[in-house]
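>>> Need the 3D shape of this:
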Amino acid sequence: MTLASTGALSMFTSCTEKGKKRIVFYFTATGNSLYAAKKFSETPLSIPQILKGKNRVFEADEIGIVFPDYRAFAPLIVQKFIQEVTLKASYLFSVITFGNYDCNVIESWNQFAIEHGVHFNYITTIKMVDNYLPVFDMDEQLKMDKQEESQLEQAVADVLEEKNHIPSLTEEERQQCLRVLQRVPELFPISSELLLEVNKSSCNGCGICTKVCPRKNFSLTDKGVEHTGDCEFCLACIQNCPQKAIVLKRGERNKEARYRHPRISLNEIVLANKQ
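Numbers count the residues shown, from 1 in each chain. Predicted structure coming up:
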């Protein structure tokens, strides 16, 4: 039984220092966005788990949505969430984690939300480890100090004060974003069969991939691990595979380097995404 079907959402509504009731939703693959979400609520709610349930109406004084930037936009599952739910709150905020360049993700997300009846008061981005395997080496990323704590502290303070701020870009910045995005291939939607490959000589059948995929694309069979279906391209399967048995067919910067936020456990990723 999922949380959303139990009617027990009040148990997962945080109370802020100012006595406001707050609900925070998140989507994560490697723990960055979950770590960020936990700064705003002790009990953030997983978007994949919410979508498994029947409840589509949520009400609080403050509601937040935390997710990673995927090619200057929200992941497909987050888009689906915002299209299907009704959020009732006097203050709505969103926190978007990214690794290298946040481009125009705030503007694109805000416009998409408005088109679906959601009007944010505050949106910000937080620079963290970039876990985009085709381009970045996780070992090198981990050596960088991106000062995520100070960024999160500022965002938490802004939200506590119910700051109203949605930054906009100059036309020059928008053009720069377009030039960058033209160099990044459009991957959505893409089938897991085209994107991923399982090295069955390395796979030990632990089943972690079947538990961390938010689309339930993986299964354990008598022939080993099989996968099929549209991919979210979150890379949770690759990043969390203990044997490094899952790889991208199109190549990676470093096939030996994998990442999960150091303060987020594998079990937390499983609880967030297991279908």
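
>>> only C-alpha atoms for contact and neighbour calcs from this point on.
Will do.

>>> need the helix or strand of the protein with the lowest average pLDDT.
helix 3-6 (a mean of 43; mean pLDDT, DSSP states H and E).

>>> For the stretch 1-150 of the chain, just list every one of the helices.
Secondary structure of the stretch 1-150 of the chain, counting by DSSP state H, counting those that start in this stretch: helices at 3-6, 32-37, 47-52, 76-84, 105-115, 138-141, 148-160.

>>> and residue 57, what are its bridge partners?
Applying DSSP bridges to residue 57 gives these bridge partners: residue 86.

>>> neighbours around it, how many?
Using other Cα atoms under 10 Å, residue 57 has 11 other residues around it.

>>> Point out where the chain drops to low pLDDT.
Filtered on pLDDT under 70, the chain yields the residue ranges 1-11, 185-189.

>>> let's see it at 50
Low-confidence segments of the chain, defined by pLDDT under 50: 1-7.

>>> distance of the closest residue to residue 126 other than its chain neighbours from residue 274?
Nearest non-adjacent residue to residue 126, counting by Cα to Cα, 6 or more residues apart in numbering: residue 97, 4.7 Å away. Separation of residue 97 from residue 274 (Cα to Cα, to the nearest Å): 22 Å.

>>> Give me the more crowded residue out of the two.
For residue 97 and residue 274, the more surrounded residue by other Cα under 10 Å is residue 97, and the numbers stand at 24 against 17.

>>> for that one, which residues make a bridge with it?
Per DSSP bridges, the residues bridged to residue 97 are residue 68, residue 126.

>>> That one and residue 146, how far apart?
To residue 146, residue 97 is 12 Å away according to Cα to Cα.

>>> between these two, what contacts are shared?
Common contacts of residue 97 and residue 146 (Cα atoms under 8 Å, 6 or more residues apart in numbering): 127-128.

>>> List the contacts of the nearest residue to residue 41 once chain neighbours are set aside.
Excluding its sequence neighbours, the residue lying closest to residue 41 (Cα to Cα, 6+ apart) is residue 14, at 5.8 Å. Residues near residue 14 by Cα under 8 Å, 6+ apart: 21-23, 41-43.

>>> how close does residue 14 sit to residue 165?
22 Å.

>>> next one: residue 33
In terms of Cα to Cα, residue 33 sits 20 Å off from residue 165.

>>> Same drill for these two, tell me which one is more crowded.
residue 33 (25 against 14).

>>> Packing partners of the helix or strand harbouring residue 210?
Using DSSP states H and E, residue 210 sits within helix 208-212. If contacts are counted by 3 or more Cα pairs under 8 Å, 6 or more residues apart in numbering; DSSP states H and E, helix 208-212 sits against strand 218-221, helix 236-240, helix 266-273.
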